[in-house]
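[1] pasting the sequence and the predicted coordinates here, then a few questions.
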2 protein chains.
Amino acid sequence: MSLVRVHNFSISLDGFGAGEGQQLDAPFGHAGMRLMEWALGTRTFREMGLSGEGPGSSGVDEAFARAWGPGIGVEIMGRNKFGPQRGPWEDEEWKGWWGDTPVFRTPVVVLTHHPRPIVEMDGGTTFHFVDADPVEALAQARALAGGLDVRIGGGVDTVRQFLEADLIDHLHIVLVPIVLGRGERLWDGLEALEERFDIEATPSPSGVVHLTLARRTASRAP
Amino acid sequence: MSLVRVHNFSISLDGFGAGEGQQLDAPFGHAGMRLMEWALGTRTFREMGLSGEGPGSSGVDEAFARAWGPGIGVEIMGRNKFGPQRGPWEDEEWKGWWGDTPVFRTPVVVLTHHPRPIVEMDGGTTFHFVDADPVEALAQARALAGGLDVRIGGGVDTVRQFLEADLIDHLHIVLVPIVLGRGERLWDGLEALEERFDIEATPSPSGVVHLTLARRTASRAP
């Protein structure tokens, strides 16, 4: 059975998944890279070429980071995660923030009100631009997934919309011990979310807490 | 050295320390007792007479719950924690929510814009009604503490005001895996709070995560 999963999604103590003032050179706004620091030292992120040199860590942060890839056949992302352009595409030559060989290596559904032709990248990533609500977008993504799982890649608003629509089966949240004060909140509008999930917490020596929310099966629901 | 401490202060995943609609028979509003469930089974809460029968638990929840009392010489609480009356005191015969023998067994400073005479209860608790800002209230409380520590007892607004004024040395927060959606937020207005504290997370088999924030000493500050 194909599941819908979220991985390595960091929030602050006060629930912000991104700070205020997001822009091209500051994708997390005033939060800078503080929400992702726990991940940058892991072997998984080193291998993606997204952080420094060396082999990377192999502890609990790595164990969670690593789960991002296996079994995934497609990612769905908000337009902001593809690139900073807004409105109609003015430069179709620019192919997003992820370089010539994006880390995804699967089809990627980019949610946008402005469709454009499929973009094929090196390494197996193809960007598909789709104007659809979460249910429709998921159906289109599944058709590209070859029976494998679907990852919801963010940002904050995209994850929250899929949670509101009750489309997510597995949610990995990383609670980072900082207070951002302002930005985009993950939990807004999700009152009583816990009734749909079994929740487990695992602290890391790095200071973060990994929270996993796994959808309750019918037989285990209250 | 006398410290200012907060203990057993529960918040939801989305940061609410109390729900919406607080009233006499619902001190946590629509949250009900869900924020305190982790504590009700502990030996400490059983011994206070605040929960059910039996000896109570002795695991990590109890270890944290127990730290509430030792070394404390006084508590400061908001008026809501004393009782539900608002405005001028209309019934001075009513002596608060805490029964004839309140659990505090120390002087308690009740923050209110409407002072009234000291109320002496059985078991060592005395209620002192004080109209003061956090700095002044803390000075008055220390004078009653006999050199021991000061506990800030809540509610949400009182704890947040003392954090804003940078008066708290030790903060024990219990993160309860529920999404309340509405109520009183603890973290609002506290951007960058982590710069003043060392933060540690300890999960409990009960499902909550104990967070301790300990003030950084000058030599350890960045």
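    The structure has been received and is ready for your questions.

[2] which SSE is A:I76 in?
    A:I76 belongs to strand A:72-78 when assigned by DSSP states H and E.

[3] what packs against that strand?
    Where contact means 3 or more CB pairs under 8 Å, 6 or more residues apart in numbering or on different chains; DSSP states H and E, strand A:72-78 is packed against strand A:107-111, helix A:134-144, strand A:149-154, helix A:156-164. Just so you know, the C-beta spots here come from the backbone N, C-alpha and C atoms, and that holds for glycine as well.

[4] pLDDT (mean, whole number) over the second one?
    Model confidence over helix A:134-144 averages 98 on the pLDDT scale.

[5] next one: the last one
    The pLDDT scores in helix A:156-164 average 97.

[6] check which residues of stretch A:60-76 are buried.
    Neighbour-count burial for stretch A:60-76, with 16 or more other CB atoms under 10 Å in any protein chain shown as criterion, is recorded at A:60-62, A:64-69, A:72-76.

[7] with stretch A:106-117 instead?
    For stretch A:106-117, by 16+ other CB under 10 Å, it's A:106-112.

[8] follow-up on the earlier one: which one of the buried residues of stretch A:60-76 is nearest chain B?
    Distance ranking of these against chain B, using CB to the nearest CB, places A:V60 first at 11.9 Å.

[9] the closest one contacts A:A201, doesn't it?
    No. Contact between A:V60 and A:A201 fails when scored by CB atoms under 8 Å: they sit 11.8 Å apart.

[10] find the residues that touch each one of those two.
    A:H210 (CB atoms under 8 Å, 6 or more residues apart in numbering or on different chains).

[11] residues from chain A in reach of chain B?
    A:13-15, A:175, A:177-182, A:185, A:187-194, A:199, A:201-203, A:207, A:209, A:211 (CB under 8 Å from any CB of the partner chain).

[12] need the helices for chain A, in chain order.
    Assigned by DSSP state H, the helices in chain A fall at A:37-40, A:43-47, A:60-66, A:79-82, A:134-144, A:156-164.

[13] and the contacts of the third one?
    This means helix A:60-66. Helix A:60-66 is contacted by residues A:7-8, A:38-39, A:41-45, A:56, A:172, A:174, A:202, A:204-206, A:208, A:210 when judged by CB under 8 Å, 6+ apart.

[14] just the buried residues from those residues, in ChimeraX please.
    Remark: buried members of the contacts of helix A:60-66, expressed as a ChimeraX selection using 16+ other CB under 10 Å:
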select /A:7,8,38,39,41,42,43,44,45,56,172,174,204,206,208,210
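
[15] measure stretch A:27-43 end to end?
    22 Å (CA to CA, to the nearest Å).

[16] where does pLDDT dip in chain A?
    A:218-222 (pLDDT under 70).

[17] try 80 this time
    For chain A, the stretches with pLDDT under 80 are A:24, A:50-51, A:218-222.

[18] which residue lies nearest the spatial centre of it?
    Nearest to the geometric centre of chain A sits A:G153, at 2.5 Å (CA atoms, centre = their mean).

[19] just the strands in chain A please.
    A:4-12, A:16-18, A:72-78, A:107-111, A:119-120, A:126-130, A:149-154, A:170-176, A:184-185, A:197-203, A:209-215 (DSSP state E).

[20] parallel or antiparallel, which strands does the fifth one pair with?
    In this case it means strand A:119-120. According to DSSP bridges, strand A:119-120 forms sheet pairs with strand A:126-130 (antiparallel).

[21] got it, and the first one?
    Strand A:4-12 sits in its sheet next to strand A:149-154 (parallel), strand A:170-176 (parallel), going by DSSP bridges.

[22] same thing with the third one?
    In the sheet, strand A:72-78 lines up against strand A:107-111 (parallel), strand A:149-154 (parallel) (DSSP bridges).

[23] could you dump those to a markdown table with distance to B:A137?
    Output for the strands paired with strand A:72-78, formatted as a markdown table (distance: least, CB to CB, whole Å):
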| stretch | distance to B:A137 |
| --- | --- |
| strand A:107-111 | 51 |
| strand A:149-154 | 44 |
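
[24] B:S51: which of these is closest?
    Closest approach to B:S51 among those (CB to CB): strand A:149-154, 40.2 Å.

[25] quick one, that closest one and helix A:134-144 angle?
    In terms of direction (axes from the mean of the first three to the mean of the last three CA atoms, to 10 degrees), strand A:149-154 departs from helix A:134-144 by 130 degrees.

[26] hmm, back to that, selection in ChimeraX covering whichever of the residues of chain A next to chain B are buried, please.
    The ChimeraX command for the buried members of the residues of chain A next to chain B (criterion: 16+ other CB under 10 Å) is given here:
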select /A:13,14,15,175,177,178,179,180,181,185,187,190,191,193,194,199,201,203,207,209,211
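
[27] which non-adjacent residue is nearest A:G123?
    Among residues not flanking A:G123 along the chain, A:T101 sits closest, at 4.1 Å (CB to CB, 6 or more residues apart in numbering or on different chains).

[28] okay, now that neighbour: neighbour count?
    Applying other CB atoms under 10 Å in any protein chain shown, we find 13 residues neighbouring A:T101.

[29] measure it to A:G124 for me?
    A:T101 sits 9 Å away from A:G124, going by CB to CB, to the nearest Å.

[30] with A:G153 instead?
    Here A:G153 is placed at a distance of 16 Å from A:G124 (CB to CB).

[31] before we move on, what about A:A39?
    Going from A:A39 to A:G124 by CB to CB gives 22 Å.

[32] likewise A:S57?
    When A:S57 is compared with A:G124 (using CB to CB), they lie 26 Å apart.

[33] and A:S206, by the same measure?
    Going from A:S206 to A:G124 by CB to CB gives 31 Å.

[34] same question for A:N80.
    From A:N80 to A:G124 the distance is 23 Å (CB to CB).

[35] more neighbours, these two?
    Neighbour tally, A:N80 and A:G124, criterion other CB under 10 Å: the higher count belongs to A:N80, 21 against 12.

[36] quick check on the nearest residue to that one once chain neighbours are set aside: phi, psi?
    The shortest distance from A:N80 to any non-neighbouring residue, by CB to CB, 6+ apart, is to A:G155 (5.4 Å). The phi and psi values for A:G155, taken as degrees, to the nearest 10, are phi -80, psi -160.

[37] buried set for stretch A:132-146?
    A:132, A:134, A:137-138, A:140-142, A:144-145.

[38] nearest to chain B among those residues?
    Closest to chain B, out of all of the buried residues of stretch A:132-146 and judged by CB to the nearest CB, is A:P134, at 18.8 Å.

[39] surely that closest one meets A:Q161?
    Yes. In this structure, A:P134 is within contact of A:Q161 by CB under 8 Å, at 5.4 Å.
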